[in-house]
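Undergrad: please work out how this folds:
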Amino acid sequence: MQPTNTRDPAYYHKVVDCQWACPAHTPVPEYLRLIAQGRYTDSYMVNWVANVFPGILGRTCDRPCEPACRRSRVEEAITGKPEPVAICRLKRVAADLKDDVSARMPEVAPPNGLRVACVGAGPASLTVARDLAPLGYAVTVFDAEAKAGGFMHQQIPRFRLPESVIDEETGYIFNLGVEFRPGRRIESLRALLDEGWDAVFVGSGAPRGRDLDIPGRKEAAAHIHIGIDWLASVSFGHVKSIGKRVIVLGGGNTAMDCCRSARRLGGEDVKVIVRSGFDEMKASPWEKEDTEREGIPIINLHVPKAFVHEGGRLIGMTFEVVRAEYDTAGRRSLVPTGEPDPFFACDEVLVAVGQENAFPWIERDLGIEFGRWDLPVLGPDSFQSTLPRVFFGGDAALGPKNIITAVAQGHEAAVSIDLFLQGEDVSRRPPPFTNLMSQKMGIHEWSYDNDPSNDLRYPVPWIKSTEGLARIDVEVELGFDARTAFKEASRCLNCDVQTVFAHELCIECDACVDICPMDCITFTENGDEVDLRQRLNAPAENLEQALLVSPQVKTGRVMVKDEDLCLHCGLCAERCPTGAWDMQKYLLYTAKAGGAGASIGCTRTKEPA
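TA: Presented below is the predicted three-dimensional model:
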């Protein structure tokens, strides 16, 4: 194998599993250390640069970072249920305990004379506005509703996300000079383009909920509701009650929000019925846990057959019981078991079986090509459509995902819009800002805590169930207090503090090999990767994680380290008599509109004295 190119930004980035897994590549260990130090405002701003909505995401994020967390792999051998660091809920701590951040917001450059329209006031559009406004662009956000936030405001229930948090974090964006035009539904893209905008960003989401066309749908229509539309009606106060017996169809997060909302609006017998198995449901594991915690059963492997009605009044539903079978390629098919079709009585049904894009307002002769699922054809990474001055992002670009993905796409689209309006090639993406800094403060002392806590994950406290189920606008999660936040943040293994090896200083004493608690360091003869992975002290079985391979040391051997096993404990660097090993903090901020420097220029955290 060739020596590892550690100058490639992706190499050390991929070692920081949580940051690599985050679509917006938030520097997770960095902001967790700041929380542990009580520097909540600094932690909030590190988040704000990357994910724009720390308070919102600290309550609602799909948490792709947590399944990737190294802590789970470490605990796997010592506990029956290994748990990652509570990254998402610690993000909320930074938002809840921060000071006033208005003075930390970026300064706005003088107007550059270029105008950008954003259709929809959801997370993707607001991210574009946040990134472009400080550069001098005149950004206007249009939305049909009276308040900004898109589905964050319209479909996420208030018991999960208080309206005040949405207003605060969207307010930071509008305070940068972004104009918001509420109550303005865009009916024609042609008409909007004719207004002379230099660029248009479409972040209108996936606003159409899928229906279920089975017998009885038309006859019982008055008692059957599309989930996302019903949630919006609840959010706006148009719906304040529901029947006592409620069936929710679907296995995604929207279905979980529907059933929990129905429980709070008077539903006494609320159940979720899903065609898939429990483990295959699209809802996040914690969303399913929260649903069951509130006493709502989830019935799996039942396919809807008919809405049963009497004289136009819905009385229940019938289902077909199925089992999942898989072919050799892993493709699933649902096979009827032959059991009698069960009947479930109900007064109302909420249909939450998926969402679709809807672009009736985009004329098809404008030059914008659409492909599969009626999604726009976009340039790789650029989110630029086939009509060069029109860009897409969020659910409108690639279909329904989540808030953090919409934010990441908004950042990329903002980079493209900036490049396009400056006459540059949108395919030439600016590099990220990266930095490696030694953490050595003495022979056996580091500027970070390399002795992580052995505690198991701390549960987030909840309000009493009697209070939480009595009103739909009472937030049920209370969040960590400062003391618990410190203890939970101390579980982080500091994966961004990298083990950096200087082969020319190595005397091959094997002290690092002896002291490594994970047997992840090996000095051996070189070879091809398949061979080398098997000859290490502990075979490197995760092929997705690259090996750290040094140039030849003095004996002609190479040092190989399995990054997948490493705990970043620093024992190798403490033991090394020549300083060949060093612990160096790796920071990566993805480039925002304006170039790599724009990633951190306005929000660099203050180092402690």
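Undergrad: so for the strand ranked longest in the chain, mean pLDDT?
TA: Longest strand in the chain by number of residues (criterion: DSSP state E): strand 313-326. For strand 313-326, mean pLDDT is 96.
Undergrad: and it, how far out from the chain's middle?
TA: On the basis of Cα atoms, centre = their mean, to the nearest Å, strand 313-326 is displaced by 32 Å from the centre of the chain it belongs to.
Undergrad: same question, stretch 341-355
TA: Distance, stretch centre to chain centre, for stretch 341-355: 29 Å (Cα atoms, centre = their mean).
Undergrad: CA atoms of that stretch as PDB?
TA: Output in PDB follows, covering the C-alpha atoms of stretch 341-355 (Å, rounded to 0.1, in the frame of the first residue of the first chain):
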ATOM      1  CA  ASP A 341     -58.800 -10.400   7.500                       C
ATOM      2  CA  PRO A 342     -58.800  -8.500  10.800                       C
ATOM      3  CA  PHE A 343     -61.200  -5.600  11.400                       C
ATOM      4  CA  PHE A 344     -60.400  -2.600  13.500                       C
ATOM      5  CA  ALA A 345     -63.100  -0.200  14.500                       C
ATOM      6  CA  CYS A 346     -62.400   3.500  14.200                       C
ATOM      7  CA  ASP A 347     -64.000   6.900  14.000                       C
ATOM      8  CA  GLU A 348     -61.300   8.600  12.000                       C
ATOM      9  CA  VAL A 349     -58.200   7.600   9.900                       C
ATOM     10  CA  LEU A 350     -55.000   9.600   9.300                       C
ATOM     11  CA  VAL A 351     -53.200   8.600   6.200                       C
ATOM     12  CA  ALA A 352     -49.400   9.100   6.500                       C
ATOM     13  CA  VAL A 353     -48.000   6.800   3.800                       C
ATOM     14  CA  GLY A 354     -45.600   9.200   2.200                       C
ATOM     15  CA  GLN A 355     -45.200  12.500   0.500                       C
END
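Undergrad: got the buried residues for that stretch?
TA: The neighbour-count criterion (16 or more other Cβ atoms under 10 Å) identifies 344, 346-355 as the buried residues of stretch 341-355. Yep, even glycine has a C-beta here, placed from its N, CA and C like the rest.
Undergrad: of those residues, just say which sits nearest to residue 27.
TA: Lowest distance from residue 27 to the buried residues of stretch 341-355 (Cβ to Cβ) belongs to residue 355, with 31.2 Å.
Undergrad: mind listing what's buried in the helix or strand where residue 90 lies?
TA: When secondary structure is defined by DSSP states H and E, residue 90 falls within helix 87-97. Across helix 87-97, burial judged by 16+ other Cβ under 10 Å covers 87-97.
Undergrad: with stretch 432-441 instead?
TA: Buried-residue list, stretch 432-441, by 16+ other Cβ under 10 Å: 432-434, 439-440.
Undergrad: other residues contacting it?
TA: 9, 12-13, 25, 446-448, 497-498, 500, 573, 582-591, 596-597, 599-600 (Cβ atoms under 8 Å, 6 or more residues apart in numbering).
Undergrad: please redo it, this time with the cut-off set to 10 Å
TA: Contact partners of stretch 432-441, identified using Cβ atoms under 10 Å, 6 or more residues apart in numbering, comprise 6-10, 12-13, 25, 445-448, 450, 494, 497-498, 500, 570, 573-574, 579, 582-592, 595-601.
Undergrad: restricted to buried residues, select these in ChimeraX.
TA: Applied in ChimeraX, the following selects the buried portion of the contacts of stretch 432-441 according to 16+ other Cβ under 10 Å:
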select :6,12,13,25,446,447,448,450,494,497,498,500,570,573,574,582,583,584,585,586,587,588,589,590,591,592,595,596,598,599,600,601
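Undergrad: narrow the contacts of stretch 432-441 to those in helices?
TA: 9-10, 12-13, 573-574 (DSSP state H).
Undergrad: of those, which is the nearest to residue 302?
TA: Looking across the ones in helices among the contacts of stretch 432-441 and measuring by Cβ to Cβ, the closest to residue 302 is residue 13, at 43.3 Å.
Undergrad: residue contacts, the residue nearest to the closest one when sequence neighbours are not counted?
TA: Spatial nearest neighbour of residue 13, excluding adjacent residues (Cβ to Cβ, 6 or more residues apart in numbering): residue 588 at 5.1 Å. Shown in contact with residue 588 (Cβ under 10 Å, 6+ apart): 9-10, 12-13, 16, 19-20, 25, 27, 30, 50, 432-435, 496, 599.
Undergrad: run a quick neighbour tally on the nearest residue to residue 301 once chain neighbours are set aside.
TA: In space, and not counting its chain neighbours, residue 301 is closest to residue 322: 5.3 Å by Cβ to Cβ, 6+ apart. Neighbourhood size, residue 322 [other Cβ atoms under 10 Å]: 19.
Undergrad: what's across from residue 322 in the sheet?
TA: residue 336 (DSSP bridges).
Undergrad: distance of it from residue 437?
TA: Separation of residue 322 from residue 437 (Cβ to Cβ, to the nearest Å): 56 Å.
Undergrad: cool, and residue 295?
TA: Using Cβ to Cβ, residue 295 is found at 50 Å from residue 437.
Undergrad: so where's the stretch 1-150 of the chain uncertain?
TA: Low-confidence segments of the stretch 1-150 of the chain, defined by pLDDT under 70, are absent.
Undergrad: next SSE after the helix holding residue 90?
TA: Counting by DSSP H and E, the next helix or strand C-terminal to helix 87-97 is strand 115-119.
Undergrad: sorry, back to before: of the buried residues of helix 87-97, which is the nearest to residue 113?
TA: Using Cβ to Cβ, the buried residues of helix 87-97 come closest to residue 113 at residue 95, 35.5 Å.
Undergrad: which ones are touching that closest one?
TA: 40, 43-44, 47-48, 53-59, 101, 165, 168-169, 479.
Undergrad: can we see that at 7 Å?
TA: Residue 95 sits next to 44, 54-55, 58 when contact means Cβ atoms under 7 Å, 6 or more residues apart in numbering.
Undergrad: now it: closest residue in space that isn't a chain neighbour?
TA: In this structure, residue 95 finds its nearest non-sequential neighbour in residue 55, 3.5 Å apart by Cβ to Cβ, 6+ apart.
Undergrad: next up, the contacts around the one you found.
TA: Contacts of residue 55 by Cβ under 7 Å, 6+ apart are 92, 95, 165, 168-169.
Undergrad: ok, now with 8 Å
TA: Residue 55 sits next to 92, 95-96, 165, 168-169 when contact means Cβ under 8 Å, 6+ apart.
Undergrad: so residue 480 belongs to a helix, correct?
TA: No: read with DSSP: H, G, I helix; E, B strand; the rest coil, residue 480 is coil and lies in no helix.
Undergrad: show the pLDDT at it.
TA: 97.
Undergrad: how many neighbours does it have?
TA: By other Cβ under 10 Å, neighbour count at residue 480 equals 24.
Undergrad: just to check, the residue nearest to residue 301 is in contact with residue 332?
TA: No: using Cβ atoms under 8 Å, residue 322 is not in contact with residue 332; the gap is 10.6 Å.
Undergrad: check which residues of stretch 236-255 are buried.
TA: 239, 242-243, 245-255.
Undergrad: adding secondary structure, write the residues you listed out as JSON lines.
TA: Below are these laid out as JSON lines (three-state DSSP):
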{"residue": "239", "secondary structure": "coil"}
{"residue": "242", "secondary structure": "coil"}
{"residue": "243", "secondary structure": "coil"}
{"residue": "245", "secondary structure": "strand"}
{"residue": "246", "secondary structure": "strand"}
{"residue": "247", "secondary structure": "strand"}
{"residue": "248", "secondary structure": "strand"}
{"residue": "249", "secondary structure": "strand"}
{"residue": "250", "secondary structure": "coil"}
{"residue": "251", "secondary structure": "coil"}
{"residue": "252", "secondary structure": "coil"}
{"residue": "253", "secondary structure": "helix"}
{"residue": "254", "secondary structure": "helix"}
{"residue": "255", "secondary structure": "helix"}
